[in-house]
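3D, please:
(one chain, ligands or ions: 1)
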Amino acid sequence: MSGEDIFEVRRFDQLGSTNTHLLEQARAGAPEGTVVVADHQSAGRGRLGRRWEAPPGTCLLVSVLLRPVTGPEERPLATAAVALAAVEACQVVAGVSPDVKWPNDLVVADRKLAGVLAEADPGAGGGPEGSVAVVVGLGLNIEWPGPPGVGGTCLAHLTGRSLDRDRLLDAWLCALAPRVVALRSADGRLDLAQELRERCSTLGRPVRVELVDGSVVEGTATGLSDGGHLVVGTASGPVVITAGDVIHLRPNGSTQGGG
Ligand code: BT5
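Take a look at the predicted model:
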């Protein structure tokens, strides 16, 4: 079975941002499982107003519309479902096994291979009662390692060969399908959280977490909650992080790469 038997895939040569486009479609009533893919984005977005950049045709730029019934406390698991499906697609198509750097990066040897952006729109109903639209976008570098200075990498550099974007898209959709089902049940969400723990290279590391309000938490990443939040052990006890930029520190406290 191909991924396009499971998801409704809409393809574009160019969009501002696949996430922005799909959020608009969600407001217009698009169903769960709608997928938007573009060869190029003129205004690709990262978190907190940052940019996602990629020359045309070099990156898998794709977003999926989910309508989870869960509350915001479990929303990180939607990011995890997309990231873990991307890990599996890289393994199947490229023989590359990235780690997940909490909350939203795929990394190989601490270099950023992909980023995930989840955005909720409570105004875009239309799904099961109590659900909101959550659009989750993935940018996966295939031929270009990202802008200079960001410490990125791409599958072509990691494998020494060029890879077919459509095969990666199809492998990602096939890997995503069971994880979207998992998001719908309490047991499935526990399984996703456990899979994330097993893949997450942040766990066990000394970290500095920069929170959205500008404050900083430093300590050791000791665990992930069942909702996918990061637990950092600090001098004053454990702190649960719901959102932030994680910098992996070397044991002597120097940095190893940021968001
Ligand atoms: C992310 O944000 O990593 C989320 C990126 C999500 C992109 C996808 S593409 C499809 C969908 N549609 C969108 O508009 N977005 C999603 P964040 O953690 O904030 O990281 C952003 C930072 O990553 C930037 O500030 C740069 O430092 C770096 N960066 C930008 N482009 C990159 C690339 N191609 N490869 C590696 N790093 C990059």
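
which residue, other than its chain neighbours, is closest to the residue nearest the centre of the chain?
In the chain, the C-alpha nearest the mean C-alpha coordinate belongs to residue 116, at 2.7 Å (C-alpha atoms, centre = their mean). Excluding the flanking residues, the one nearest residue 116 by C-beta to C-beta, 6 or more residues apart in numbering is residue 104, at 4.3 Å. For the C-beta atoms, the positions are set from N, CA and C on the backbone; glycine is no exception.

roughly how far does residue 163 sit from the ligand?
15 Å (C-beta to the nearest ligand atom, to the nearest Å).

quick one: that residue and residue 95 touch, right?
No. Taking C-beta atoms under 8 Å as the contact criterion, residue 163 and residue 95 are not neighbours in contact, 10.1 Å apart.

okay, the two: which has more neighbours?
Taking other C-beta atoms under 10 Å, residue 163 and residue 95 do not tie; residue 163 has more neighbours (19 against 10).

before we move on, what SS does residue 87 have?
helix (DSSP: H, G, I helix; E, B strand; the rest coil).

just give the closest residue to it, not the sequence neighbours.
residue 98 (5.5 Å).

for that neighbour, what are phi and psi?
Backbone geometry at residue 98, expressed as degrees, to the nearest 10, gives phi -70, psi 160.

ditto for residue 61
According to degrees, to the nearest 10, residue 61 has phi -110, psi 110.

what is the rounded mean pLDDT of stretch 198-210?
On average, the pLDDT along stretch 198-210 is 96.

now do the buried residues in that stretch.
Going by neighbour count (16 or more other C-beta atoms under 10 Å), the buried part of stretch 198-210 is 199-203, 205-209.

how near is the residue in the stretch 101-250 of the chain that the ligand sits nearest to to residue 45?
Residue of the stretch 101-250 of the chain nearest the ligand, by C-beta to the nearest ligand atom: residue 115 (2.0 Å). From residue 115 over to residue 45 the distance is 10 Å, taken as C-beta to C-beta, to the nearest Å.

more neighbours: the two, which one.
Legend: neighbour count by other C-beta under 10 Å for residue 115 and residue 45, higher for residue 115 (25 against 20).

residue numbers of this protein in contact with the ligand?
17-19, 41, 44-48, 50-54, 59, 61, 63, 104-105, 112, 115-117, 137-139, 141, 146-147, 150, 152, 259 (C-beta under 6 Å from any ligand atom).
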